[in-house]
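# here's my sequence, what's the structure:
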Amino acid sequence: MRKNIFIWLFIVVSACGQPLANQKKNDQKNSDVPAQLISVKDMQVDLSILWSAIKEMHPAYGIYTSTDSLQTVYETTRQSLSVPLGESDFVSRIYPLLSALRCGHTQLKHSAGYKNPGSAHLPFEVLVQGNRAWVTFHQTASLNTGDEIISINDTAVNSIIAHGADLYAGDGYNLTFKELFLSQYDGFEDACNKYYHWAPPYQVKFRAKDGNIKTILVEAVASNTPQAVEISQTDNFAGWQEAKDTAHSLLRFSKDASTAWFEVRSYQYNDTLIFKNAFKQIHAKGVKRLVIDLRHNTGGDIRIASKLLSYLADAPYRIISDLKSRISNPAINHFEAYFDTAGTASFNAGFVPGKQEGAYYHINTRPAFGNLLGLMPLSERDHFNGSLFVLIDGATFSAGAHTAIAIKEYCKKAVFIGRETAGGSDGCSGGTIQHLTLPNTGVVVEFPWMRVVSVAKKPVFGHGVIPDYRVLYEPEDIVKGTDLDIKKVLNMVNK
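Predicted structure coming up:
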């Protein structure tokens, strides 16, 4: 079933809560209440404030998209705000500007008093890959898992995908995150509702698995409508033993305990104890092959992430190489009235502005915050020295992506399996994720203050960590929950 979950994107001090499916869907038509329409003047003033803040201090400004191109997108966006709009439509209009900035930590949140008017619920979900979409879960018998969507309401599916991808921002030129957003977090449905404003029934043209092309009309359904076909789930860890004392993370051992799988979820403050317990058990069982699962690890306190490396790295290591900002002191700027005072206090508690280096200013961490930029020692106990496999995907982001980058640099024998990480291999914008509240609409912009430079010596500009073995899923794998990444690892170790 479609997932309505909150993904938390943290890094260093401040948390950036990103709901990929941020309001529960219902069956109302996607339209705002007329009384809630925002005037053209208010929208344009708020857009101007946002744009001015981006130009002055956003750490990603001009890195992945030229400033001239960004200016063009801004002007196009401003011209589109020509009639009063509801808040949802206002957010949808300005999201392409943030998408053009290419920073996954810069997202939009509705105002505190916003009431979701609801939207129509498509009776199917899709798997998006390479500008194509295939049906996965479906709540109508008119479609089957594996059918390829060609168009909806005579609009080609690649256009729907392109507009849906603009409704959420991602790092650099990465596509795996956008595909995941469209597939698993209502992005495809949002494009139909928020960009095209389609009302049911929908005219769906698709290619069936037998190759025949068909056109049907499908109605919207309630989100709790059962699946049209009963789905049997794959047991990916049949015969494996689940470990104890790992809390929200999962640790499993194969039948002969020669292989362990450790799911490292988004970093929380008690994870150092989890790591300690997990690697104690891994060492005690004499594990020869370890799978570190960073899929859907969307970040957390990067100091906690660095502790994981102490059990894996070949030698003393760093988790990041530098912190820098575009202005001398991010806490002193022309938009202080709109930024959250708690976020500013958090920055001042953890960071100290440093000297200018070219177009940027170096940022130091306060001693109480820890040795974030220096070399970190290896764990003296239970260090793992066997074969290491790392699973990554389009939701490995922020501190999760920095973990993958550091493993790639400091664990030379590590093998990466899955899909490109959402977080850029050259680094990301983060450090402190501030909240910029636009004064007229109340819309909140999650706004990073610093550039977090990775430890990668040869990053692929604008892209994440590229796996050694790329694994692609079929629609049937999605609905059955078949873990092809784990299968790939086991095939490799059993050869």
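# contacts for the lengthiest helix in the chain, please.
In the chain, assigned by DSSP state H, the helix with the most residues is helix 40-57. If you take CB atoms under 8 Å, 6 or more residues apart in numbering as the criterion, helix 40-57 is touched by 61, 67, 70, 74, 77-78, 81-85, 90, 93-94, 97, 101, 325-327, 330, 333-335, 338, 436, 438-441, 443, 445, 447, 449. Heads up, the C-betas are built off the backbone N, CA and C, glycines and all.
# in which helix or strand would I find the residue nearest to Ile150 when sequence neighbours are not counted?
The shortest distance from Ile150 to any residue that is not its chain neighbour, by CB to CB, 6 or more residues apart in numbering, is 4.5 Å, and that residue is Lys205. Applying DSSP states H and E as the criterion places Lys205 in strand 202-207.
# what ranges does the stretch 251-400 of the chain have for its strands?
Across the stretch 251-400 of the chain, reading from the start of the chain, the strands by DSSP state E, counting those that start in this stretch fall at 259-263, 289-293, 322-325, 351-357, 360-365, 387-392.
# mind putting those strands into a markdown table with mean pLDDT?
Compiled in a markdown table, the strands of the stretch 251-400 of the chain are given as follows (pLDDT from 0 to 100):
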| stretch | mean pLDDT |
| --- | --- |
| strand 259-263 | 97 |
| strand 289-293 | 98 |
| strand 322-325 | 96 |
| strand 351-357 | 93 |
| strand 360-365 | 95 |
| strand 387-392 | 98 |
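# as TSV, these with mean neighbour count would be great.
TSV is the format used below for the strands of the stretch 251-400 of the chain (neighbours: other CB atoms under 10 Å):
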stretch	mean neighbour count
strand 259-263	24
strand 289-293	23
strand 322-325	22
strand 351-357	14
strand 360-365	18
strand 387-392	24
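# just send the ones you listed back as CSV, with distance to Ala141 too.
Formatted as CSV, the strands of the stretch 251-400 of the chain follow (distance: least, CB to CB, whole Å):
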stretch, distance to Ala141
strand 259-263, 35
strand 289-293, 36
strand 322-325, 55
strand 351-357, 57
strand 360-365, 57
strand 387-392, 35
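# out of those strands, which gets nearest to Leu308?
strand 289-293 (7.8 Å; CB to CB).
# can you give the contact residues for that closest one?
With CB under 8 Å, 6+ apart as the test, strand 289-293 has contacts from 258-264, 282, 308, 312, 384, 386-391, 407, 486, 489, 493.
# swap in 7 Å and give it another go.
Contacts of strand 289-293 from elsewhere in the structure, counted by CB atoms under 7 Å, 6 or more residues apart in numbering, are 258-264, 282, 384, 386-391, 489, 493.
# what angle do it and strand 387-392 make?
Between the axes of strand 289-293 and strand 387-392, defined by axes from the mean of the first three to the mean of the last three CA atoms, to 10 degrees, the angle is 20 degrees.
# tell me the strands beside strand 289-293, with direction?
When sheet partners are counted by DSSP bridges, strand 289-293 sits next to strand 259-263 (parallel), strand 387-392 (parallel).
# can you put those strands in TSV and add distance to Thr344?
As requested, these are arranged in TSV below (distance: least, CB to CB, whole Å):
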stretch	distance to Thr344
strand 259-263	35
strand 387-392	34
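# select, out of these, the one closest to Asn144.
Of all those, strand 387-392 comes closest under CB to CB, at 29.4 Å.
# which residue packs closest to Ala414, ignoring adjacent ones?
Once its chain neighbours are removed from consideration, Ala414 has its nearest residue in Leu388; the separation is 4.4 Å (CB to CB, 6+ apart).
# how far away is the one you found from Glu420?
The gap separating Leu388 from Glu420 is 19 Å, by CB to CB, to the nearest Å.
# which one of the strands paired with strand 289-293 lies closest to Gly358?
The closest approach between Gly358 and any of the strands paired with strand 289-293, judged by CB to CB, belongs to strand 387-392 at 31.3 Å.
# what's that closest one in contact with?
For strand 387-392, using CB under 7 Å, 6+ apart, the contacting residues are 288-295, 312, 404, 407, 411, 413-419, 421, 465, 467, 485, 489.
# could you rerun that using 6 Å?
Contacts of strand 387-392 with the rest of the structure, by CB atoms under 6 Å, 6 or more residues apart in numbering, involve 289-295, 404, 407, 411, 414-418, 421, 465, 485, 489.
# quick check, central residue of this protein?
Of all residues in the chain, the one closest to the mean position by CA atoms, centre = their mean is Ala395, 4.5 Å from it.
# might you report the residue contacts of that one?
Contacts for Ala395 (CB under 6 Å, 6+ apart) come out as 180, 296, 298, 422.
# neighbours of the third one, how many?
Residue neighbour count, defined by other CB atoms under 10 Å, stands at 26 for Thr298.
# per-residue pLDDT, it?
Predicted confidence (pLDDT) at Thr298: the value is 95.
# correct me, but it touches Gly394?
No. With the criterion set as CB atoms under 6 Å, Thr298 and Gly394 do not qualify as a contacting pair; they are 10.7 Å apart.
# and the helices in the stretch 1-150 of the chain?
40-57, 67-80, 87-101 (DSSP state H, counting those that start in this stretch).
# among the ones you listed, which is nearest Leu251?
Leu251 lies closest, by CB to CB, to one member of the helices of the stretch 1-150 of the chain: helix 87-101, at 37.3 Å.
# same for the closest one, what does it pack against?
Using 3 or more CB pairs under 6 Å, 6 or more residues apart in numbering; DSSP states H and E as the contact criterion, the neighbours of helix 87-101 among helices and strands are helix 67-80.
# now with 8 Å?
Judged by 3 or more CB pairs under 8 Å, 6 or more residues apart in numbering; DSSP states H and E, helix 87-101 is in contact with helix 40-57, helix 67-80, strand 107-109.
# direction included, what does the shortest one pair against?
It refers to strand 107-109. Sheet pairing for strand 107-109, assigned by DSSP bridges, gives strand 444-453 (antiparallel).
# mind exporting the C-alpha coordinates of the partner strand to CSV?
The C-alpha atoms that make up strand 444-453 are tabulated as CSV, following Å, rounded to 0.1, in the frame of the first residue of the first chain:
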residue,chain,number,x,y,z
VAL,A,444,7.9,27.7,5.8
VAL,A,445,11.0,27.1,3.8
GLU,A,446,13.5,24.6,5.2
PHE,A,447,16.7,26.5,4.5
PRO,A,448,20.3,25.2,5.0
TRP,A,449,23.0,27.6,6.1
MET,A,450,26.2,25.8,5.3
ARG,A,451,27.9,23.7,2.7
VAL,A,452,29.0,20.3,4.1
VAL,A,453,31.9,19.1,2.0
